[in-house]
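[1] quick one, structure for this:
(chains A and B)
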Amino acid sequence: MRRNLIPSLLLFSLILAGLASFQSSILALAIPLALYLLFGLIFAPDKVELGIKRVLSAERVAPNTLVTVTLSIKNNGSSLEEILLEDHIPPALSIEEGNLIHFCTLAPGESTAWTYTVSGTRGSYVFSDIKIRTSDHFALAYHQEILKIPGQLFVLPRVPRLKNITIRPRHTRVYSGKIPARVGGPGIDFFGVREYQTGDSLRWINWRTSARHQQALFTNEFEQERAADVGIILDGRELSNIGSGGHSLFEYSVSAAAGLADHFLSAGNRVGILFYGRVLLWNAPGYGNIQRERLLQALARAKTGDSQVFTNLENLPTKLFPPNSQLVLVTPLAKGDDKVLIQLRSRGYQIIVISPDPISYELSSLPDDPDVKLAARVLRTERNMLLMRLKRSGLQVVDWDVNIPLDKILKSRLGRPPAWHNATGK
Amino acid sequence: MSYIALAINLLLGTSALAWGYYDGGYPNVSSAILAIGLFWGISIWRRWRWFAKIGFIAYTLSAAVGLWLNLPFGWMLAGGVGGLLVYDLSAFIYRLRFAAPGEDVKRLSLAHLARLGLLIVLTLIFSSIAMLWQSAFSFEWAVFLGLASVWGLSLLVRWMLRK
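    Residues are numbered from 1 along each chain as shown, chains lettered A, B, ... in the order given. Down below sits the predicted model:
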């Protein structure tokens, strides 16, 4: 309700009452009200010309880190008796200190600033509107407008430091890296022996083999180490991710994907991430720190969701990934996923499945009840069978109880190539 | 500063109205006004902003009724002005909560109280003139004022719609 409505109504009621009763004293009682409204009319604000700037103490932070937002305002127009500024922040951010509303007065050319502190969980937050309301001292007449002052805050997922992941894709790139490429050349690990060629270092000559042949020298060959293409697929389907107590298993998946991306990029590989959830979000493969930042920002935005098309993994766009490259799926796994993954494996992809265990995760928030235990046992059996099928088909599967740090699990499961890999070379 | 002004105005406005009614032989109304004043004070303390409107209307109408009952003009005017000032200051104090403590609060309070001071002075001047002119209030003047207030009302409505 407008602030001038009640004084106006009372003013005219008094005037009418005074005129009706022929009492000038009642009319005189209307004088303060008339003056009060007149002041509002006279001192009504003119056009507002404000220069506003929003500065965030950090634009990319870890979850629940405090970020100070400073708003600087400069009055480039006429005097503003009262200004009420209200900043609008995304609802998922919480205010830790200060206030979103600021009340002040500004003379021409004067400037002021105010700060507040926010924090939030993983996400991408866009700041936009600032509501400005200028008025006279009695706030009877006001001018209101909304200015768009853009700003963005990325609350990036936590990135666990992963050290022990050995991958052996069949296809590597031409650039040097850390992955044995099954091709002889300069390297560290012994690969084979071949006849000496001009230009070979004398230090590489295999004297023992050369001694067995007349008029021929043989040199050692080493296995080349190259960079590879790694595609990380993050499962964001609602059906496979469960949430409890304000937390979600998906947060662990996102954190794992961030750690994996960081690890593979650090090793000089080309890494891309496909988010498979309500929609498909594809971050094309790339190298280095810029790609790391791009992937972290994409992971900050990732949210679970449902889609008719992407209910199962059948519509996984495998053409995005180079043939015979390394795929890493971070998924709690759902019924029927095994068929698609086995098909992928048969097409030559090397596949690692990191599967946060939804059963133990959900069990931790459920009562210790015989029925719950029985249900968990049935589900556990089903899950074990699913994982077994995947393992038998040549996929590397990591069943991850999220209460244990991922690095610890990966060290024991992916610290060295599987035995069958060395045996078959596939 | 604003809180002190608010408390003084509430006290003076309530006392003036209550004394005016008590002196005129209406002790029950006087008690009711004191009760409203007390409740208004509590509502300010408890930040019940809605009561300011009720208190303002109650004080203004009480002053008008008092004048209709021929109670002393001075007490009634003081009560009415007190109600207006408390209504204004309670809204101002609410806005002041969002000001940065220190310089901003001081500047805003001083400017606001200066504007209210000007309002009081002008009210006293115009009210004195109006009371001196009281004897000349005739039917012709009433018709003129009636037309003037209709014109004023239309201006105000236009202003409010435009804003």
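[2] tell me which element the closest residue to residue B:49 other than its chain neighbours falls in.
    Counting by CB to CB, 6 or more residues apart in numbering or on different chains, residue B:49 lies nearest to residue B:94, which is 6.1 Å off, once chain neighbours are set aside. Bear in mind the C-beta positions are built from the backbone N, C-alpha and C, glycine included. For residue B:94, the host element (DSSP states H and E) is helix B:73-96.
[3] before we move on, back to that, for residue A:223, see how far away the residue nearest to residue B:49 is.
    76 Å (CB to CB, to the nearest Å).
[4] ok, now residue A:212?
    For residue A:212, the distance to residue A:223 - CB to CB - is 24 Å.
[5] do the same with residue B:146
    Plainly put, residue B:146 is 106 Å away from residue A:223 if you go by CB to CB.
[6] what of residue A:50?
    66 Å.
[7] dump the residue contacts of the nearest residue to residue B:62 once chain neighbours are set aside.
    Distances taken as CB to CB, 6+ apart place residue B:17 nearest to residue B:62, at 5.6 Å, with adjacent residues excluded. Contact analysis of residue B:17 by CB atoms under 8 Å, 6 or more residues apart in numbering or on different chains lists B:33, B:59, B:62-63, B:66, B:75-76, B:78-79, B:82.
[8] please identify the helix or strand for residue B:17.
    Taking DSSP H and E as the definition, residue B:17 sits inside helix B:2-23.
[9] so which bits of that helix are buried?
    B:2, B:5-6, B:9-10, B:12-22 (16 or more other CB atoms under 10 Å in any protein chain shown).
[10] can you show me the helices along the stretch 201-350 of chain A?
    A:207-211, A:249-266, A:288-301, A:337-346 (DSSP state H, counting those that start in this stretch).
[11] out of those helices, deepest packed?
    helix A:249-266 (a mean of 24; mean count of other CB atoms under 10 Å in any protein chain shown).
[12] longest single strand anywhere in chain A?
    Assignment by DSSP state E gives strand A:176-195 as the longest strand of chain A.
[13] and it, how far out from the chain middle?
    Strand A:176-195 sits 38 Å away from the centroid of its parent chain (CA atoms, centre = their mean, to the nearest Å).
[14] coming back round to it: please export the C-alpha coordinates of the helix holding residue B:17 as CSV.
    Written as CSV, here are the backbone C-alpha positions of helix B:2-23 (Å, rounded to 0.1, in the frame of the first residue of the first chain):
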residue,chain,number,x,y,z
SER,B,2,15.2,8.9,15.9
TYR,B,3,14.1,6.6,18.6
ILE,B,4,14.2,9.4,21.2
ALA,B,5,12.2,11.7,18.8
LEU,B,6,9.7,8.8,18.3
ALA,B,7,9.3,8.2,22.1
ILE,B,8,8.9,12.0,22.8
ASN,B,9,6.3,12.4,20.1
LEU,B,10,4.4,9.3,21.2
LEU,B,11,4.5,10.5,24.8
LEU,B,12,3.5,14.1,24.0
GLY,B,13,0.8,13.1,21.4
THR,B,14,-0.8,10.6,23.8
SER,B,15,-0.6,12.9,26.8
ALA,B,16,-2.1,15.8,24.9
LEU,B,17,-5.0,13.8,23.6
ALA,B,18,-5.6,12.1,26.9
TRP,B,19,-5.4,15.3,28.9
GLY,B,20,-7.7,17.1,26.5
TYR,B,21,-10.4,14.4,26.9
TYR,B,22,-9.8,14.1,30.6
ASP,B,23,-10.1,17.8,31.1
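[15] so for residue B:94 and residue A:223, which residue has more residues nearby?
    Just comparing residue B:94 and residue A:223: by other CB atoms under 10 Å in any protein chain shown the higher neighbour count belongs to residue A:223, 19 against 15.
[16] quick check: nearest residue in space to residue B:106, chain neighbours excluded?
    residue B:1 (7.5 Å).
[17] repeat for residue A:77
    residue A:49 is the one closest to residue A:77 (CB to CB, 6+ apart), at 3.3 Å.
[18] quick check: phi and psi at the nearest residue to residue A:363 once chain neighbours are set aside.
    Closest residue to residue A:363 apart from its sequence neighbours, by CB to CB, 6+ apart: residue A:376 at 5.4 Å. Dihedral pair for residue A:376: phi -60, psi -40, per degrees, to the nearest 10.
[19] what about residue A:376, distance to chain B?
    Distance, residue A:376 to chain B, by CB to the nearest CB, to the nearest Å: 51 Å.
[20] would you agree that residue is in contact with residue A:358?
    No - counting by CB atoms under 8 Å, residue A:376 stays clear of residue A:358, with 10.6 Å between them.
[21] tally up the residues packed near residue 47, please.
    Picked chain A for this. 9.
[22] could you do chain B instead?
    11.
[23] quick one, phi/psi of it?
    phi 60, psi 40.
[24] can you tell me the closest non-neighbouring residue to it?
    Per CB to CB, 6+ apart, closest to residue B:47 is residue B:94, 7.6 Å.
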